[in-house]
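[1] Next come a sequence and a model predicted from it.
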Number of protein chains: 2
Amino acid sequence: MLAAVDPATAVERTRLAFERHARGEWVMPAKVYLEAPPHGDFRAMPARGEGLALVKWVTSFPQNSGRGLPAVRGVVLLSDAGTGEPLAVIECAWVTSLRTGAAAAVSAQALAREGAGSVGIIGCGVNGAWAARCLAAVGYGPGVCADVRQGAAEALASELGWRSGSREEAAAQEVVVTVTPGARPVIGSEDLCRGQHLAVLGADAHDKGEVELGALERCRLFCDEWEQASAGGELSGAVAEGRVRREQVTELGAVLVGAAAGRSSDEEITLFDSTGLAIQDLGIVTAVWEAWKEGRLRAPAAQL
Amino acid sequence: MLAAVDPATAVERTRLAFERHARGEWVMPAKVYLEAPPHGDFRAMPARGEGLALVKWVTSFPQNSGRGLPAVRGVVLLSDAGTGEPLAVIECAWVTSLRTGAAAAVSAQALAREGAGSVGIIGCGVNGAWAARCLAAVGYGPGVCADVRQGAAEALASELGWRSGSREEAAAQEVVVTVTPGARPVIGSEDLCRGQHLAVLGADAHDKGEVELGALERCRLFCDEWEQASAGGELSGAVAEGRVRREQVTELGAVLVGAAAGRSSDEEITLFDSTGLAIQDLGIVTAVWEAWKEGRLRAPAAQL
């Protein structure tokens, strides 16, 4: 199914999703959490746009990898928004990785300094790898891949013709993507470089964070959606402490449609907090559905 | 698939669902609505219990029948709550009808007067028919079937060996079930009979109602869940006007587990407002999943 949506298409559709959502054409209620202790939770994430409606039903079971199971498991259920007819069931782990990686690339296109090229990837797991592929597909790179698992960094570097390196080296690049488990910060104040763009993808719950508060406060802040980001993203800790307020944070979609300002100077450090939106899944799924209808897709979508 | 869950089993599982939920063993966040104008909305309804987790993804497109399409379309996605693994996709219209009808029977078992037997069904569409079948399966009847479409009333009466009759006749029985579109009341004060039990199933949105406010105020009030019922069930209009307060309404599950009192006398008129809960879907689906595992189910569940 990945063949049906290449990284460049994923970036284009993800950008479209943010734009349509910012214009109110695509809609999305808040995601709903179903606790499943001690493993984690299930999330139901609905969105509607382009004549389609979907719900993503997906786990976040952080300890699953210790059991040899995927942490993110689930499906997207796709329906016709006009008739209500269920259309397809689509395995969602790869949709999630692709739209997460694509959001990093869209944020760089919108917010990175003109002429920025070099990339640092901190965390070369599946989402970090897709962020690197999506950035490469839209012209960023070469980059430095860093991971505590040296093999993961080397494999990704080799795939893209980039190089592996230390966390410090990756953090010194012009576009820096962090996709770690978020248990402790991987970017400190001493890492920040003038004019950098940071795409912070790893924090998807309230107690996670990848950037030290002192560093965060030196950045111009952007997010995918304020409600999610302030409640459970990179910004949530700072918001809870009263150190970041609503008016300091701009949504990416607003920048894309020209409703809000983006980067204000070549010196500014921009930080995009990605928590993952159902409209991004919809963006990828519109491409899957087109591929299916055009006969470009064989296996793993089940048509209902 | 209906063969896998007969009406008596549906009543038993629905009762179990209310009990487990009342004890906190089964959990369920509030359902989330995705508006899809002008047709209606999609609803994502998650629930967890018995080692399973599900989301029902279903439309309420009231005008669909005018287009020759079902108003209720969707699927249940079933996952293993322990591993997160998606297990099955189950067509949900029949699950919805069965659990809706079964709730009427559970409410009668819990709240109807000792010795009550005769049934009136007002509205003999698919949900009314399942309510009648579930009531018959647990010993209620014979009954009077009433519908503005005379043929629907006659077909149901003939199936169960009951009779068709007028709305007034149906409303005069000991257990009365209303399952109409809810556009206007079908029970007025003059219809109420001492000691009656009313199961009011038709109102699933804020602007719907099947019982006149004056009649409602003469009843002892029960509901499936206060949050849903007060926001979008039969009670919601009265709640909005301040004529019904939280402390006047008892949840059915609390009665079933002995945490709250049910009917207090043979004279009292009891009214159960059913809005439809995801835990009821889970009750039916536990039986479907057992049947599947035991090889008693062939067709229409798709195993993932």
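    The structure has been received and is ready for your questions. Numbering: from 1, shown residues only, chains lettered A, B, ... in the order given.

[2] use CA for all of it now, contacts and neighbours both
    Noted.

[3] wait, doesn't A:F61 sit right on A:H39?
    Yes - applying Cα atoms under 8 Å, one finds A:F61 in contact with A:H39, separated by 5.1 Å.

[4] Now do the contacts for A:A238.
    Residues in contact with A:A238 (Cα atoms under 8 Å, 6 or more residues apart in numbering or on different chains) are A:213, A:244.

[5] and it, helix, strand or coil?
    Secondary structure state of A:A238, per DSSP: H, G, I helix; E, B strand; the rest coil, is helix.

[6] on that earlier part again, out of A:F61 and A:H39, which sits in the busier spot?
    Of the pair A:F61 and A:H39, A:F61 is the one with more neighbours under other Cα atoms under 10 Å in any protein chain shown, namely 22 against 18.

[7] Report the buried residues of the host helix or strand of A:G283.
    A:G283 is part of helix A:278-293, with elements assigned from DSSP states H and E. The neighbour-count check on helix A:278-293 (16 or more other Cα atoms under 10 Å in any protein chain shown) flags A:278-289, A:291-292 as buried.

[8] just curious, which of those residues is nearest to B:R194?
    Nearest to B:R194 among these, counting by Cα to Cα, is A:A278 at 51.7 Å.

[9] OK, contacts around that closest one?
    A:28, A:31, A:45-47, A:55-56.

[10] For chain A, which segments count as strands?
    Assigned by DSSP state E, chain A shows strands spanning A:32-36, A:40-49, A:52-60, A:74-80, A:86-91, A:119-122, A:143-146, A:163-164, A:175-178, A:197-200, A:220-223, A:249-251, A:270-273, A:302-303.

[11] now the third one against strand B:32-36, angle please.
    Okay, so that is strand A:52-60. 160 degrees (axes from the mean of the first three to the mean of the last three Cα atoms, to 10 degrees).

[12] thinking again about what came up before, rank the strands of chain A by pLDDT, which is bottom?
    Lowest mean pLDDT within the strands of chain A: strand A:302-303, at a mean of 54.

[13] Give me every residue in chain A lying close to chain B.
    A:27-29, A:32-34, A:36, A:39, A:42, A:44, A:46-48, A:55, A:57-59, A:61, A:64, A:69, A:73-75, A:77, A:81-86 (Cα under 8 Å from any Cα of the partner chain).

[14] Can I get the strands of chain A in CSV including distance to B:P142 and mean neighbour count?
    Shown next, in CSV, are the strands of chain A (distance: least, Cα to Cα, whole Å; neighbours: other Cα atoms under 10 Å in any protein chain shown):
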stretch, distance to B:P142, mean neighbour count
strand A:32-36, 42, 21
strand A:40-49, 43, 24
strand A:52-60, 43, 27
strand A:74-80, 41, 26
strand A:86-91, 38, 21
strand A:119-122, 71, 29
strand A:143-146, 74, 29
strand A:163-164, 78, 22
strand A:175-178, 68, 30
strand A:197-200, 65, 29
strand A:220-223, 62, 24
strand A:249-251, 62, 21
strand A:270-273, 63, 29
strand A:302-303, 44, 12
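
[15] export these to a markdown table and tack on distance to A:L98?
    Output for these, formatted as a markdown table (distance: least, Cα to Cα, whole Å):
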| stretch | distance to A:L98 |
| --- | --- |
| strand A:32-36 | 22 |
| strand A:40-49 | 16 |
| strand A:52-60 | 14 |
| strand A:74-80 | 14 |
| strand A:86-91 | 12 |
| strand A:119-122 | 15 |
| strand A:143-146 | 18 |
| strand A:163-164 | 22 |
| strand A:175-178 | 14 |
| strand A:197-200 | 15 |
| strand A:220-223 | 18 |
| strand A:249-251 | 20 |
| strand A:270-273 | 17 |
| strand A:302-303 | 19 |
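
[16] which stretch among these comes nearest B:S166?
    strand A:86-91 (38.0 Å).

[17] what about A:G125, how many residues close to it?
    19.

[18] For burial, what's the neighbour tally of the closest residue to it other than its chain neighbours?
    If the residues on either side of it in the chain are set aside, A:G125 comes closest to A:A152, at 6.9 Å by Cα to Cα, 6 or more residues apart in numbering or on different chains. A count of neighbours around A:A152, defined by other Cα under 10 Å, yields 19.

[19] I'd like the distance between A:A152 and chain B.
    25 Å (Cα to the nearest Cα, to the nearest Å).

[20] and the gap between that residue and A:N127?
    A:A152 sits 12 Å away from A:N127, taking Cα to Cα, to the nearest Å as the criterion.
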